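Colleague: Below: sequence and its predicted model.
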Amino acid sequence: QVQLVESGGGLVQAGGSLRLSCAASGIPSMFSINAMGWYRQAPGKQRELVADITSGGYTNSADSVKGRFTISRDHALNTVYLQMNSLKPEDTAVYFCNVNVRFRASDYPKSGYDYWGQGTQVTVSS
């Protein structure tokens, strides 16, 4: 059974920092991880990509977090991290870990299959 264990959320003042971690386990051996990342959802808003990182190390992040958030990954531990600096009240949201997989040694399916964590609350006070 796939498990994504998230940690690191909490309450912080504006300008502060938090580090989120997400450890993935139980991924069926038929799959390999294509990418790992973080999404967030604020009240009344749609879930949006914060940042992700591919198995090749390529990263992608939302314009709103560029220069403040850094995503990294430990391949051996199947763990993805999100270092969040200079936090703003508008960063307040539930942050969800995402793992995207494909069939091993294959690009199928192109969009991959997604696994999601339960979410961790990040609250930034002004």
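Modeller: Structure received.

Colleague: which stretches of this structure form strands?
Modeller: Listed in chain order, the strands found in the chain under DSSP state E are 3-7, 10-13, 18-25, 31-41, 48-54, 59-61, 69-74, 79-84, 93-103, 113-116, 120-125.

Colleague: As TSV, those strands with mean pLDDT and mean neighbour count would be great.
Modeller: (Each C-beta comes from the backbone N, C-alpha and C, glycine too.) Written out in TSV, the entries for the strands of the chain read as follows (pLDDT from 0 to 100; neighbours: other Cβ atoms under 10 Å):
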stretch	mean pLDDT	mean neighbour count
strand 3-7	96	16
strand 10-13	98	13
strand 18-25	98	19
strand 31-41	96	21
strand 48-54	97	19
strand 59-61	97	16
strand 69-74	97	18
strand 79-84	98	22
strand 93-103	96	21
strand 113-116	96	15
strand 120-125	98	17
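
Colleague: Spatially nearest residue to the residue nearest the centre of the chain (excluding sequence neighbours)?
Modeller: Relative to the mean C-alpha position of the chain, the nearest C-alpha, by Cα atoms, centre = their mean, is the one of residue 38, at 2.0 Å. Leaving out its chain neighbours, the residue that sits closest to residue 38 by Cβ to Cβ, 6 or more residues apart in numbering is residue 50, at 4.4 Å.
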